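Engineer: quick one: sequence plus predicted model below, questions after.
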Amino acid sequence: MQNHSSDKTPLVTIGIPTYKGSENIPSAIESLMKQDYQNLEILISDNCSPDHTEEVCRALAEKYPQIRYVRQENNLGAIPNFNYVLHHAKGKYFMWLSDDDWLQENIVSTYVDFLENNQDYALVSGKILYWDGEEITYCEEALSFEEEKGIERAANYYAIWKQGAIVYGLMRTEWAQKSELPIALGNDWHFIADIAYMGKIKQLEVVGYNKAQGGLSDNYHNYAKKMNAHPIWGYMPYTKIALDAFKRIGGKEPLYKGDPWSKRIGGGMKAASGIWWRYIFPYYPRMLKRNLTRILAAK
């Protein structure tokens, strides 16, 4: 591998956390092999899969020298496995790739070129397409955060968050490793808010990432259980996310303590109120309607 500290094509680490990914991971790797950017480290963390994932990954590692395969002795849990590949990345730049997703052709070179020429940006992404089989169901876009103050960028991100796949953009490893995905509801919200606080975020007008629907998505009750949250938050997930956003920016998270207390409180309130107005008011009437319909149908 080339030296990422001096070369004009710095090392990029693509982190692939996987569990029972034997069927999908070859396609994910294929999308990386189609990139025109050559200086890649592909770090696969196999979360102690009981199927043929180890066999498949070792065969891929023999075929492609860019792959660094690690098999965990015990299952770390999904979120710690994502954090493992982040904190063991060797590249100047880092991005996650889910084992059932794929990158748009030649997008890595576009991302690297942008970050190399825009030093105040922490993350760059393209548009994200969501796929159900061969059908595109959604395009996630309009997610640039280029305000001059980090508190404003973080708060605004919480307020206009969409599906969350911008977490699969390319980021500066040194900055990203100052944070991690927390084991909490809305973990991708909190992580990207941290990144936005550290630097600007740009979403380019090109497709960058293709996401298969499904994956780690779940209903809110199961999601709350997996995130070690009290069961009540399964009924009020956005309230929990809003409260945590306020606590992180307003004083709990050390990352934000570079700003005065008054600005942190103001930013936390802006983040929480943005979540409240955008998500909570539309969400709870729909939830109440579904529950009433279910109760009436059971009678």
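Structural biologist: Yes, it's here.

Engineer: ok, residues contacting stretch 100-112?
Structural biologist: 9-10, 12, 21, 24, 27-28, 30-32, 34-37, 40, 93, 95, 97, 124-126, 168-170, 204, 206-212, 214-215 (Cβ atoms under 8 Å, 6 or more residues apart in numbering). C-beta coordinates here come from the backbone N, C-alpha and C atoms, glycine included.

Engineer: of these, grab the buried ones for PyMOL.
Structural biologist: Buried residues within the contacts of stretch 100-112, by 16 or more other Cβ atoms under 10 Å, are selected in PyMOL with:
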select buried, resi 10+12+21+24+28+31+32+35+37+40+93+95+97+124+125+126+168+169+170+204+207+208+209+210+211+212
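
Engineer: could you list the low-confidence segments of the stretch 101-250 of the chain?
Structural biologist: 214-218 (pLDDT under 70).

Engineer: how about the helices in it?
Structural biologist: 107-117, 150-160, 173-176, 187-198, 220-226, 237-247 (DSSP state H, counting those that start in this stretch).

Engineer: ok, which of those comes nearest Ser45?
Structural biologist: Nearest to Ser45, of all the helices of the stretch 101-250 of the chain, is helix 173-176, at 15.7 Å by Cβ to Cβ.

Engineer: give me the contact list for that closest one.
Structural biologist: 13, 86, 89, 91-94, 122, 195, 198-199.

Engineer: so what's Ile183 up against?
Structural biologist: Contact analysis of Ile183 by Cβ under 8 Å, 6+ apart lists 77, 79-80, 227-228.

Engineer: swap in 6 Å and give it another go.
Structural biologist: 79, 227-228 (Cβ atoms under 6 Å, 6 or more residues apart in numbering).

Engineer: distance to Ala242 and neighbour count added to these, as CSV?
Structural biologist: CSV is the format used below for the contacts of Ile183 (distance: Cβ to Cβ, whole Å; neighbours: other Cβ atoms under 10 Å):
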residue, distance to Ala242, neighbour count
Ile79, 20, 19
Met227, 15, 19
Asn228, 18, 10
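
Engineer: tell me the one of these nearest Tyr235?
Structural biologist: Met227 (14.3 Å).

Engineer: which stretches of the stretch 151-299 of the chain form strands?
Structural biologist: For the stretch 151-299 of the chain, applying DSSP state E, counting those that start in this stretch gives strands covering 170-172, 200-212.

Engineer: redo those strands as a markdown table? Include distance to Gly186.
Structural biologist: Formatted as a markdown table, the strands of the stretch 151-299 of the chain follow (distance: least, Cβ to Cβ, whole Å):
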| stretch | distance to Gly186 |
| --- | --- |
| strand 170-172 | 18 |
| strand 200-212 | 17 |
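
Engineer: now stretch 222-232: buried residues?
Structural biologist: By 16+ other Cβ under 10 Å, the buried positions in stretch 222-232 come out as 223-224, 227, 229.

Engineer: next, count neighbours for Arg153.
Structural biologist: Other residues near Arg153 come to 24 when the count uses other Cβ atoms under 10 Å.

Engineer: ok, it touching Asp194?
Structural biologist: No: at 10.5 Å, Arg153 does not count as touching Asp194 under the criterion of Cβ atoms under 6 Å.

Engineer: overlap in contacts, these two.
Structural biologist: Common neighbours of Arg153 and Asp194 are not found (criterion: Cβ under 6 Å, 6+ apart).

Engineer: how far does stretch 267-286 sit from its chain's centre?
Structural biologist: Relative to its chain's centre, stretch 267-286 lies at 21 Å (Cα atoms, centre = their mean, to the nearest Å).

Engineer: which parts of it are buried?
Structural biologist: Those buried within stretch 267-286 under the rule 16+ other Cβ under 10 Å are 267-268, 270-275, 278-280.

Engineer: now stretch 134-152
Structural biologist: Neighbour-count burial for stretch 134-152 [16+ other Cβ under 10 Å]: 140-141, 143-145, 150-152.

Engineer: so which of these comes closest to Trp261?
Structural biologist: When the buried residues of stretch 134-152 are compared for distance to Trp261 (Cβ to Cβ), Ile151 wins out at 11.7 Å.

Engineer: so what's the closest one closest to, chain neighbours aside?
Structural biologist: The spatially closest residue to Ile151, leaving aside those adjacent along the chain, is Gly267, at 3.8 Å (Cβ to Cβ, 6 or more residues apart in numbering).

Engineer: from Leu255, how far out is the one you found?
Structural biologist: Separation of Gly267 from Leu255 (Cβ to Cβ, to the nearest Å) stands at 12 Å.
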